[in-house]
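**Q** Sequence plus the predicted model coming up.
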Amino acid sequence: MHIVILGAGYAGLRAALDLDTLIQERGATASVTLVDQNSYHQLVQLLHVTATAGHDSREAIYDLAPLLSESGVRFVQGRVVAIRPLAREVHLADGRALTYDRLVIALGAETAYGNVPGAREHTLPLRTYEHALRIRDHLRARFAEAARVSEQRQQRILLTTAIVGGGYTGCQLAGELAAWADDLCAETGAPRREVRIALLDRSSLLLKQFGPWATREAERTLDAMGVSVYLQTTVEAVEPELLRVSDDRVLRAGTIVWAGGIQAPPLLRESGLPVDAAGRALVDRYLRVRDQALIFAAGDCAAIPDGPNGATVPATASYAMRQGIHLAETLMAEIAGEPPRPYEPLKLGELVSLGPNYAVGNPLGVPVVGYPALLLKKGVESYYRATIEGPLKGVTL
Ligand SMILES: Cc1cc2nc3c(=O)[nH]c(=O)nc-3n(C[C@H](O)[C@H](O)[C@H](O)COP(=O)(O)OP(=O)(O)OC[C@H]3O[C@@H](n4cnc5c(N)ncnc54)[C@H](O)[C@@H]3O)c2cc1C
């Protein structure tokens, strides 16, 4: 049996590594091919740190070749452009086609601009390693330019960063940028007093998945760091260096980052797969795509039922990784002709950093803030690294 896994992110890489281990342990006859457009695995949940030069940029990526070198997983680098379920084929941008017996779609998510005029053209997204490097370089260039101009108004525009979206991405980026501003001004000669960071969200809550306590904590922390939070503020249009927001207000900013939403890659819908409004593949309790016996989906590109009220499992790295682990087991069952086990989302809680010294979260449902939350977040990160490159590599989780 040939299993093809699309996307070497949290869900796809984990599925490939664990499935390979299971195949070897059970001496099964099956081959695994992992496909990604990049030659590296990105730690997407660290990209706000990369975008603000908070670590050596290589810390956010791993070359896939060494990660896979001791496994039997074959890696194919290429951009997937179409899936043909009837022919059991995956098509790549360079014209190659791969055939499969079972397919896993774990292609993550893209930025959603919600039809806001100018948003796609005039803002910077933060979903990939390349995006993070672009934001970092753009900020450096803006600050350096501000050091060269003499007019105060122009300096202020160049040194204003507007971040649209108060979820994981927006809050974490705002916190890291606030912490970087001192060093960036020292490095470029930009006047620190003119630096502004604005975080905008149309809802009345930041980090709404955690509830009002986290909003209060995040607002208080970000405010103390110099971030201006604008809630119930809808961005209606974007022009070069300008945001038009509700009540006819205008905000000028030399850097505008769009963290206002995500959607699955359009190729899922274009390939005729059943998808929800965000383009995510509709899957059943086994992560099998509806009406597709041979195709599974996991991570941000899958709409996975969570409870009876039509809710879906949150799009986070921890869920994606556990779905990858679960799919490895499911695929092993398919190879062995055994019945699969349904996926039950394990609610371990989430942790969000607000700058390099602070975090908020709800591990195991318990609200935790400050340094303890940050230590837990670092612990989770180290654990993840150990599962792909360190002492836990090769251990089926
Ligand atoms: C800045 C930021 C901070 C975040 N912080 C946290 C956090 O603190 N905690 C948390 O749990 N979650 C966090 N998240 C969310 C988390 O990163 C995602 O939920 C997670 O990455 C989803 O994993 P995935 O496997 O579905 O997709 P990804 O990890 O994004 O992997 C998708 C893979 O598919 C590949 N791919 C995509 N399209 C194609 C194509 N057409 N052809 C070939 N390959 C393709 C990509 O290159 C990528 O390797 C954060 C997200 C961002 C952007």
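**A** Structure's in. What do you need?
**Q** going forward, measure contacts and count neighbours with C-alpha atoms only.
**A** Will do.
**Q** Quick check: bridge partners of residue 239?
**A** Beta bridges link residue 239 to residue 242, judged by DSSP bridges.
**Q** Give me the neighbour count for it.
**A** For residue 239, the neighbour count with other CA atoms under 10 Å is 14.
**Q** That one against residue 118, yeah?
**A** Yes. Between residue 239 and residue 118 there is a contact at 5.8 Å, judged by CA atoms under 8 Å.
**Q** show me what contacts the residue positioned nearest the centre of the chain?
**A** The residue lying closest to the centre of the chain (CA atoms, centre = their mean) is residue 44, at 4.8 Å. By CA atoms under 8 Å, 6 or more residues apart in numbering, the contact set of residue 44 is 60, 127-129.
**Q** Spell out which parts of the stretch 251-397 of the chain neighbour the ligand.
**A** Contacts of the stretch 251-397 of the chain with the ligand, taken as CA under 6 Å from any ligand atom, map to 299-301, 315-318, 320, 351-352.
**Q** So which of the residues you listed sit within helices?
**A** Mapping these onto helices (DSSP state H) picks out 317-318, 320.
**Q** okay if I get these as CSV plus pLDDT, neighbour count and distance to residue 166?
**A** Below are these laid out as CSV (pLDDT from 0 to 100; neighbours: other CA atoms under 10 Å; distance: CA to CA, whole Å):
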residue, pLDDT, neighbour count, distance to residue 166
317, 95, 19, 18
318, 93, 21, 20
320, 97, 26, 21
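**Q** what about this protein, any weak spots by pLDDT?
**A** 394-397 (pLDDT under 70).
**Q** Look up which residues are beta-bridged to residue 97.
**A** Under the criterion used (DSSP bridges), residue 97 bridges to residue 91.
**Q** so it touches residue 89, yeah?
**A** Yes. Using CA under 8 Å, residue 97 is in contact with residue 89, at 6.4 Å.
**Q** wait, what's in contact with residue 19?
**A** Neighbours of residue 19 in contact, by CA under 8 Å, 6+ apart: 32, 328-329, 331-332.
**Q** Out of the residues you listed, grab the one that's most surrounded.
**A** residue 328 leads those on contacts (other CA under 10 Å) with 27 neighbours.
**Q** Any figure for the gap between the residue nearest to that residue when sequence neighbours are not counted and residue 4?
**A** Distances taken as CA to CA, 6 or more residues apart in numbering place residue 19 nearest to residue 328, at 4.5 Å, with adjacent residues excluded. Separation of residue 19 from residue 4 (CA to CA, to the nearest Å) stands at 11 Å.
**Q** overlap in contacts of those two?
**A** residue 32.
**Q** And the helix or strand encompassing residue 139, how far out from the chain middle?
**A** Assigned by DSSP states H and E, residue 139 belongs to helix 129-148. In terms of CA atoms, centre = their mean, to the nearest Å, the centre of helix 129-148 is found 21 Å from the chain centre.
**Q** Same check on stretch 221-241?
**A** Worked out by CA atoms, centre = their mean, stretch 221-241 lies 21 Å from the chain centre.
**Q** same check, this time on stretch 108-117
**A** On CA atoms, centre = their mean, the centre of stretch 108-117 falls 13 Å from the chain's centre.
**Q** just to revisit the earlier point, could you list the buried residues of the helix holding residue 139?
**A** With burial defined by 16 or more other CA atoms under 10 Å, the residues of helix 129-148 counted as buried are 129, 131-136, 138-140, 142-147.
**Q** Now do the closest residue to residue 122 other than its chain neighbours against residue 40, distance only.
**A** Distance criterion CA to CA, 6+ apart; nearest residue to residue 122, sequence neighbours excluded, is residue 240 at 5.5 Å. In this view, residue 240 and residue 40 are 33 Å apart by CA to CA.
**Q** And those two? Which one has more around it.
**A** Between residue 240 and residue 40, residue 40 has the larger neighbour count (other CA under 10 Å), namely 19 against 15.
**Q** which residues of the stretch 101-250 of the chain fall in helices?
**A** 119-122, 129-148, 152-158, 168-188, 212-224 (DSSP state H, counting those that start in this stretch).
**Q** doesn't residue 323 make contact with residue 10?
**A** No. Contact between residue 10 and residue 323 fails when scored by CA under 8 Å: they sit 9.0 Å apart.
**Q** what touches both of those two?
**A** residue 299.
**Q** and residue 360, bridged to which residues?
**A** Bridge pairing for residue 360 - DSSP bridges - gives residue 352, residue 369.
**Q** go on, residue 288?
**A** residue 296.
**Q** Quickly note the distance from it to the ligand.
**A** The spacing between residue 288 and the ligand, counted by CA to the nearest ligand atom, to the nearest Å, is 15 Å.
**Q** Also residue 105?
**A** 9 Å.
**Q** Same check on residue 388?
**A** Taken as CA to the nearest ligand atom, the span from residue 388 to the ligand is 13 Å.
**Q** And for residue 121?
**A** 19 Å.
**Q** residues near that residue, how many?
**A** When neighbours are counted by other CA under 10 Å, residue 121 comes out with 10.
**Q** And the one 5 residues further on, by the same measure?
**A** Residue 126 is surrounded by 24 other residues when neighbours are defined as other CA under 10 Å.
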